[in-house]
Each structure stands twice: as structure tokens, then as C-alpha cells.
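Asker: Sequence plus the predicted model coming up.
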Amino acid sequence: METLSNMAKCGFELISNQWESEFFGQRIAKLQFLPAQTALSPEFNKLEFNQGSAVWHDFDLVQCKLHADQLSQIHQLQSLGFEFVEGELDFCLSLNQGMQSDSGFSIAAIDDIEQLEAIFSSAFLSSRFRQPWFSAEQNSRFYRTWIRKAVLAQFDDLCLLLKNQHNEIQGAISLRAIDSAQARVGLLAVAEHARGRGIAKQLLQSAVNWCLQQQKQQLWIATQANNRQAINLYQKQARLEQISYWFYHSKKRL
């Protein structure tokens with residue numbers, strides 16, 4: 001209890017991520033700065049919070065996501081052994097009825113899950129759920145689970161897809177409503193055999209069509225900073241709102 005009290009004095013708290021912990025079979029937590037905390041207290045740099053501190057021993061992995069302009073926090077995290085994992089760009093597409101297309105959208109059904117899992121199982125090998133923190137099998141299982149639950153409206157609200165004349169899925173995009181005016185893209189992936197044909201652009205248009213039907217005014221979509229193709233697509237239609245960085249503190253590597 002003393003350690004938890006000291007963490008609060010230093011301006012942060014560790015919050016257990018129960019879902020990820022159970023799914024990956026690791027003790028995973030999120031380091032979160034307390035409200036209105038613009039810089040960490042000097043207490044944070046005391047010996048009890050060094051890399052070998054018992055503060056970190058309760059978890060196999062501690063994650064922290066910071067905005068790119070939070071330079072003080074970034075520096076202090078790195079001094080405690082947190083590693084940079086990836087950058088994330090968050091785009092916002094402002095919607096209007098003039099963006100509606102005649103192509104409409106097609107909602108994935110339970111019968112599509114097997115094909116979707118095959119596509120998404122290897123679509124995000126370089127995401128933050130990668131080695132050495134997560135195994136290739138864990139990465140694959142995570143995204144298979146995500147897209148399956150999106151179809152079942154258990155993770156995201158739904159999954160939209162495109163098929164060719166042979167009823168083969170060319171790509172898919174999952175969506176969830178944030179509130180009455182906003183929605184967010186969860187996952188977007190194109191089948192390997194269909195890449196280079198503008199499928200991602202068509203999927204994004206399908207998402208826009210669905211959002212407009214739902215009377216949404218904004219569509220949010222995030223991507224990794226190293227995903228140049230996605231960035232080039234999104235910046236043509238949306239504005240870049242936020243750049244963030246993910247950091248991990250890990251007891252062990254796979």
C-alpha cells in the first residue's frame with residue numbers, strides 16, 4: 001500500500017489491463033498520469049522507482065502511451081527503462097453528405113469469419129503486439145479474435161468488407177461508434193492477393209457511407225507511424241490530429 005501511495009504522490013498510477021492479461025497470459029498494466037499532471041514529481045526519480053524497483057515486479061509488462069509533445073514524461077520514462085515501441089498517428093475525417101457514394105457498403109456475416117481470420121492473422125506483424133514482447137502466435141490470435149468479435153459486434157460494432165466475383169474477400173474494415181456524432185475505425189486489412197488495386201480506399205469509402213447513414217459527423221482512424229501506405233491514403237482525406245508514442249517496460253522478453 002505504501003508503494004501505491006508513493007506512486008500517487010509522484011503523479012501516476014499503474015492500472016491492470018485485465019483483458020490483455022488474461023488473453024496473453026501475462027500480467028499487463030498501463031501507466032497513467034493523474035489528471036492535470038503535466039510533469040512528473042521529482043519523487044518519481046527516487047531510488048524506489050528505478051528500473052529494478054518492486055513497483056514493476058507485479059507486472060510482466062507495463063505500457064504507456066504519451067503524446068509526442070509530452071517530452072518531460074518521455075524522458076523520465078526512458079530513464080526508468082521504458083523502451084520506445086512505436087509511433088501512432090491519429091487522423092480525423094470530417095464528414096458531409098457530399099462524400100456519400102453509390103457503392104454503399106456490405107456488412108460481414110458469421111459465414112465470412114473464417115476468411116476474415118485468415119486475412120487478419122498476418123496483417124499486423126509489425127504492430128506493438130509483436131516480438132520480443134509478444135510471440136507471433138499471440139499476435140496472430142489477437143487480430144483473429146479482434147476481427148471475429150467485430151463481426152459478432154462484441155469488440156467493434158461491425159465489420160464491412162469487399163468481395164470479388166468469386167465471393168472471395170478482398171479486404172475488410174471494422175468500425176465502432178464513439179458517440180452520436182463520431183465513429184472510429186478499428187482494423188483495416190487487404191487480402192494479399194488483392195493488394196495494389198485500391199481496395200483500402202474503397203473500404204474507407206464504405207466506412208464513410210456507413211457513417212453518413214448513421215448520421216456521424218467525424219470518422220477517426222489511427223495507424224502506425226511506419227505504415228506509409230496508410231498514412232498516404234488517410235492524409236489525402238483527413239487531417240492529422242495527434243501523434244503519440246507507445247513505450248513498454250518489460251521484465252522479460254519472449
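Answerer: That came in fine, so what should we check first? Numbering: from 1, shown residues only.
Asker: got a pLDDT number for residue 69?
Answerer: Looking at residue 69, its pLDDT reads 95.
Asker: whoops, residue 41 was the one
Answerer: 57.
Asker: just residue 35 next, same as before
Answerer: With respect to pLDDT, residue 35 has a value of 73.
Asker: does it count as helix, strand or coil?
Answerer: coil (DSSP: H, G, I helix; E, B strand; the rest coil).
Asker: distance of residue 57 from residue 151?
Answerer: 39 Å (C-beta to C-beta, to the nearest Å). All C-beta spots, glycine's among them, are computed from the backbone N, C-alpha and C.
Asker: More neighbours: these two, which one.
Answerer: More crowded of residue 57 and residue 151, by other C-beta atoms under 10 Å: residue 151, with 23 against 11.
Asker: Run through the residues that contact that one.
Answerer: 108, 109, 110, 112, 113, 116, 158, 159 (C-beta atoms under 8 Å, 6 or more residues apart in numbering).
Asker: Out of those, who's the most crowded?
Answerer: residue 159 (28 neighbours).
Asker: Touching, that one and residue 176? I think so.
Answerer: No - Residue 159 lies out of contact with residue 176 (C-beta atoms under 8 Å); the separation is 10.4 Å.
Asker: Show me the helices in the stretch 101-250 of the chain, by range?
Answerer: 113-120, 136-151, 199-213, 228-234 (DSSP state H, counting those that start in this stretch).
Asker: averaged over its residues, what pLDDT does the longest one have?
Answerer: When the per-residue pLDDT values of helix 136-151 are averaged, the result is 98.
Asker: how distant is it from the center of its chain?
Answerer: The chain centroid and the centroid of helix 136-151 are separated by 13 Å under C-alpha atoms, centre = their mean, to the nearest Å.
Asker: List the buried residues of it.
Answerer: Using 16 or more other C-beta atoms under 10 Å as the test for burial, helix 136-151 gives 138-144, 146-151.
Asker: With only the CA atoms kept, save it in PDB.
Answerer: Backbone C-alpha positions of helix 136-151 (Å, rounded to 0.1, in the frame of the first residue of the first chain) are rendered in PDB as follows:
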ATOM      1  CA  ALA A 136       4.000 -14.400 -33.500                       C
ATOM      2  CA  GLU A 137       1.200 -16.800 -32.400                       C
ATOM      3  CA  GLN A 138      -0.100 -14.300 -29.900                       C
ATOM      4  CA  ASN A 139      -0.100 -11.500 -32.500                       C
ATOM      5  CA  SER A 140      -2.000 -13.700 -34.900                       C
ATOM      6  CA  ARG A 141      -4.500 -14.900 -32.300                       C
ATOM      7  CA  PHE A 142      -5.100 -11.300 -31.100                       C
ATOM      8  CA  TYR A 143      -6.100  -9.900 -34.500                       C
ATOM      9  CA  ARG A 144      -8.100 -13.000 -35.400                       C
ATOM     10  CA  THR A 145     -10.000 -12.600 -32.200                       C
ATOM     11  CA  TRP A 146     -10.500  -8.800 -32.800                       C
ATOM     12  CA  ILE A 147     -12.000  -9.200 -36.300                       C
ATOM     13  CA  ARG A 148     -14.100 -12.200 -35.300                       C
ATOM     14  CA  LYS A 149     -15.600 -10.200 -32.400                       C
ATOM     15  CA  ALA A 150     -16.100  -7.200 -34.700                       C
ATOM     16  CA  VAL A 151     -18.300  -9.400 -36.900                       C
END
